[in-house]
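Engineer: Return a 3D structure for these sequence lines:
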Amino acid sequence: MAIGKLIVVCLSGGKFTTNADGTLSYSGGDAHATSLTLDTKFDDFKSEIADMWKYDLHSLTIRYFLPNNKRTLITISSDKDIRRFLEFHEDSASADVYVITPTPPPPSDATSMPCSRSSHTMPNEPVSPVDAPSGFVPDEPASPVDAPLDSHPDAEDTMQHNTPGISSWMNCITGIGQTFNTRRELHDALDKFSLAHGFLYTLKNSDGRRFCARCKADGCPWFFIAPKLSTTKLFRIKKMNDTHTCGVGSKRRHASRKLVASIVKEKLRDTPTYKPQEMIDDIRRDLGIELNYAQAYGGIAAALEELQGSHRKAYNQLPLLCEKILETNPGSAAVLNTKEDSSFHRIFVAFCASLHGFQNGCRPLLFLDCVPLKSKYREELFTAAALDGNDAAIELVGKNVYDYCYRYFTTEAFRVTYSESINPIPALDGSIQRESSSVHVHPPCIPRLVGRPKERKHGVKFKQAAKRTLQCSKCKKLGHNKRKCNETE
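Structural biologist: Here you go, the predicted model:
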C-alpha cells in the first residue's frame with residue numbers, strides 16, 4: 001500500500017459460498033475500483049459506493065475480510081472502522097470490500113422467497129393445505145413467552161405497514177421445500193414469523209431429527225413438519241398447512257430472550273457497550289415493538305454469551321490461559337489453584353516485563369488494591385502496582401538535578417522500567433483446549449441464601465441510637481420510666 005492510500009475493489013451483486021474448510025468465497029457480480037486514505041470519511045465513502053450502483057444510501061452494508069482470514073466478514077460503519085481497515089491492509093497493494101444490499105421483496109402474486117440465508121429450494125406452485133398428522137398433540141409451549149410485548153391488536157396492520165422490519169419477517173416461513181442450515185436457524189425464523197403474524201405456536205415430538213410446530217390456538221389447523229436431512233445438518237419443511245382459523249394478528253405479541261438476542265447480536269458485535277435503554281429505543285423505532293427493561297437486559301446478556309462465550313465455560317479455559325502466558329512470555333509466572341472439588345480458588349499472574357521493570361527501575365514499594373467484579377460468582381481482582389520515577393520532578397537553578405534524587409527518578413531507570421514488553425496472548429480456541437489440558441476447572445460454588453438478605457448496620461452512631469436511654473416523666477431521672485418509678489408524691 002502506498003503511504004496512507006489503499007486501492008479498494010468494491011464488489012456487489014454476487015454471492016458467497018462456503019468451502020469444505022469453512023472459508024467463504026465470493027463469485028459473480030460487478031466490480032468498481034476506488035481509493036481510501038486516512039482522511040476519507042465513512043459517509044463520503046458510503047455515498048460514493050451508493051452512486052456506483054445507484055443503491056439506496058441507507059440500505060447498503062459494507063464488509064470485508066481480514067488478511068489471512070476468509071471465515072468472518074467485518075462490517076465498516078464508522079470513520080474508526082475505515083482507519084482500522086487501512087491498518088489491517090497496510091502491507092497490501094489493494095483490498096476487496098463487499099457491498100451487500102437487502103433482497104427486494106417479491107411480487108404479491110408469486111410465491112414468497114424465504115428470508116433465511118439458509119434457504120436453498122422453493123416450489124414454484126402454491127403450497128396446498130395438508131391435514132395435521134394423527135397423534136400431533138401440542139404439550140410444550142414453545143412460543144416465546146418471557147414477557148408480553150405492549151402491542152395493541154387494533155394497531156396490528158398499521159404497525160406492520162409502518163415497520164418494514166416486521167414486514168420482512170412475514171416471509172421467514174414460506175412453504176414446503178424451504179431449507180435451513182441448523183435447527184437453531186429454523187427456530188429463530190419461526191419466532192420472527194409468529195411475531196410478525198401475531199400468533200403463538202407450540203412444539204410437539206421435536207428433537208434433533210425433526211422439528212414439528214403448530215398453532216397454539218385450539219382447532220387451528222396451521223402446522224408444519226421439518227425433518228433433518230440424512231448425513232447433513234439441514235432441516236427442510238416436508239409438510240405444511242398454512243391456513244389459520246384462529247384470527248391471525250389478534251394475539252398479543254410475545255418475545256423470547258433468544259429472539260431479542262438475535263435482533264441485537266450484530267449491533268453488539270460492533271458496539272459492545274450497547275445499553276438496554278438504547279436497545280429499547282432502537283427496537284421501538286425500527287420494529288415498532290415495546291420491550292421492558294428486563295427483556296432488554298436479558299437479550300443483551302444472551303447475545304453477549306453467544307458472542308463471547310459463557311462465564312461458566314471460561315473457567316475451564318484457565319489452564320490453557322496459563323500455558324499460553326508462559327509460552328508467549330518466558331520468565332512470567334502464571335499459577336492456578338483449585339479446591340478439592342476442582343472448583344476455582346485463585347489465579348496469580350505476573351508478566352516477566354513487569355517483574356523486570358519493578359526490580360530494575362521502580363522504587364521498592366508496592367501499592368495493593370482489591371476490586372470486586374460484577375459477576376454472579378463474586379470474584380475479586382487483587383492487584384499489586386509499582387510507581388516509576390515520572391510522578392516527581394525537582395528544579396534547581398545552576399545545579400545538576402540528578403545529584404539530589406534517587407536513582408529511581410533518573411531517565412536511565414525509566415528506560416529500564418519499560419525496556420521489556422508484554423507479548424500478546426493468542427485467542428483460546430475450544431479445539432486447542434481439548435487437546436492441550438486434561439484439567440477441568442469449575443466455577444466457585446457460591447450458595448444462595450433463602451429469602452431477603454438481612455440488613456447490616458454498622459458504626460458507633462447506630463449502636464448509640466439503638467440503645468435509647470429511658471427517662472422518667474414523673475421524677476425526671478434517667479434509667480427507668482413512670483411505671484417503675486419508686487418515688488412517692
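
Engineer: quick one: the helices in this protein?
Structural biologist: 42-53, 79-88, 156-162, 164-169, 183-197, 257-270, 276-287, 293-308, 311-315, 318-328, 352-361, 411-417, 430-436, 460-466 (DSSP state H).

Engineer: need those helices in a markdown table with distance to residue 5, can you?
Structural biologist: Bear in mind the C-beta positions are built from the backbone N, C-alpha and C, glycine included. Output for the helices of the chain, formatted as a markdown table (distance: least, Cβ to Cβ, whole Å):
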| stretch | distance to residue 5 |
| --- | --- |
| helix 42-53 | 13 |
| helix 79-88 | 9 |
| helix 156-162 | 44 |
| helix 164-169 | 38 |
| helix 183-197 | 41 |
| helix 257-270 | 26 |
| helix 276-287 | 36 |
| helix 293-308 | 33 |
| helix 311-315 | 41 |
| helix 318-328 | 34 |
| helix 352-361 | 36 |
| helix 411-417 | 36 |
| helix 430-436 | 38 |
| helix 460-466 | 69 |
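
Engineer: Give me whichever of those is most buried.
Structural biologist: Ranked by mean neighbour count, the helices of the chain are led by helix 183-197 with a mean of 22 (mean count of other Cβ atoms under 10 Å).

Engineer: domains for this protein, by residue range?
Structural biologist: 5-100, 147-255, 258-308, 315-436 (automatic domain parsing).

Engineer: in the chain, which residue is closest to the centre?
Structural biologist: Taking Cα atoms, centre = their mean, the centroid of the chain lies closest to residue 304, which sits 2.4 Å from it.

Engineer: tell me the pLDDT at it?
Structural biologist: pLDDT recorded at residue 304 is 84.

Engineer: Likewise for residue 125?
Structural biologist: The score at residue 125 is 40. That number is its pLDDT.

Engineer: Check residue 99 too.
Structural biologist: On pLDDT, residue 99 comes in at 92.

Engineer: for residue 337, same thing?
Structural biologist: 91.

Engineer: before we move on, the earlier item: for the domains of the chain, give me TSV that also has distance to residue 485.
Structural biologist: TSV is the format used below for the domains of the chain (distance: least, Cβ to Cβ, whole Å):
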stretch	distance to residue 485
domain 5-100	80
domain 147-255	62
domain 258-308	58
domain 315-436	53
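
Engineer: out of the ones you listed, nearest to residue 444?
Structural biologist: When the domains of the chain are compared by Cβ to Cβ, domain 315-436 sits nearest residue 444, at 5.2 Å.

Engineer: was I right about residue 41 contacting residue 78?
Structural biologist: No: at 9.7 Å, residue 41 does not count as touching residue 78 under the criterion of Cβ atoms under 8 Å.

Engineer: what about those two, which has more around it?
Structural biologist: Legend: neighbour count by other Cβ atoms under 10 Å for residue 41 and residue 78, higher for residue 78 (14 against 11).

Engineer: dump the residue contacts of the more buried one.
Structural biologist: residue 42 (Cβ atoms under 8 Å, 6 or more residues apart in numbering).

Engineer: Likewise for the one 10 residues further on?
Structural biologist: Contacts here follow Cβ under 8 Å, 6+ apart; on that basis residue 88 touches 66-67.

Engineer: quick one: which of the helices of the chain is nearest residue 220?
Structural biologist: helix 183-197 (11.9 Å).

Engineer: Specify the angle between that closest one and helix 257-270 in degrees.
Structural biologist: 110 degrees (axes from the mean of the first three to the mean of the last three Cα atoms, to 10 degrees).

Engineer: just to revisit the earlier point, nearest to residue 239 among the helices of the chain would be which one?
Structural biologist: Per Cβ to Cβ, nearest to residue 239 of the helices of the chain: helix 183-197, 14.4 Å.
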